[in-house]
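> okay, here's the prediction I keep looking at, along with the sequence it came from:
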Amino acid sequence: MYEVVKMIHSYWAYLAVIMLIVATFNALIKFFGNKEFSAVDFRISLFTLIVMHIQLLIGLVLYFTSPFGFKNIAANGIKGLDSLARLLAVDHPFVGIIAVTFITIGYSKHKKKLTSKPKFKMLAIFYTLGFLLVLSRIPWTNWIFK
C-alpha cells in the first residue's frame, strides 16, 4: 500500500504545484492589473483549493503508512533523525498543513469580499504564502531527481 500511496502523492504533487502556480499568478496579475473577478477566476481558485486538499489527504495517509513518517519518529525519536529524515517526517507534513491552511483561509476570505480588488488581494496574499511554503519543503531530491 505504501508504494501506491507514495506514487499517487508524488504524481498528484505535479498537478498541485501547477495549479498553485496558476492560481497564485492569476491572483497577483489580476490584482495588480485591476481586473474584474470572473467565473474563471473563481474556478481556478476553487480547483486549486480542491487539488491541494486532496494532496494533503493523500499525504496524511502516506505519513502514517510510510516508514519515513510517523513510524520513523516512533522508532528513532525526533533527535534520532538526520536532515532528510526530519524533512520527510516533520518539516514536509507540518509545513504542508500550514500551506493548505493558508490557501483555505484565502479562499474563504475572498468569498466574503464584494468587489474584485479585495477578492484578488485575499487570494494573492494567502495563495502566495501557501505557494512559498510548499516550495520551501518539497523534498526535491526524492521528487524530481529519482
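That came in fine, so what should we check first?

> low-confidence ranges in this protein?
For the chain, the stretches with pLDDT under 70 are 142-146.

> ok, residue 1 - contacts?
Listed by Cβ atoms under 8 Å, 6 or more residues apart in numbering, the contact set of residue 1 reads residue 65. C-beta coordinates here come from the backbone N, C-alpha and C atoms, glycine included.

> and residue 62, what is it in contact with?
So residue 62 contacts 2, 5, 6, 9, 69 (Cβ under 8 Å, 6+ apart).

> tell me the SS of the third one?
I take that to be residue 6. Using DSSP: H, G, I helix; E, B strand; the rest coil, the structure places residue 6 in helix.

> what comes up buried for stretch 131-138?
Neighbour counts over stretch 131-138 (16 or more other Cβ atoms under 10 Å) mark 131, 133, 134, 137, 138 as buried.

> need the contact partners of it.
Outside stretch 131-138, the residues that reach it (Cβ under 8 Å, 6+ apart) are 13, 16-17, 20-21, 24, 87, 91-92, 95-96, 98-99, 102.

> which one is residue 92 nearest to, not counting chain neighbours?
Spatial nearest neighbour of residue 92, chain neighbours left out: residue 137 (4.9 Å); criterion: Cβ to Cβ, 6 or more residues apart in numbering.

> got the phi/psi numbers for that neighbour?
Backbone torsions of residue 137, given as degrees, to the nearest 10, read phi -120, psi 20.

> likewise for residue 31?
phi -70, psi -50.

> my guess is it meets residue 125, correct?
No - Residue 31 is beyond contact range of residue 125, at 9.1 Å (criterion: Cβ atoms under 8 Å).

> can you select the buried ones from the contacts of stretch 131-138 in PyMOL?
Buried members of the contacts of stretch 131-138 can be picked out in PyMOL with the line below, counting by 16+ other Cβ under 10 Å:
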select buried, resi 13+16+17+20+24+87+92+95+96+99+102
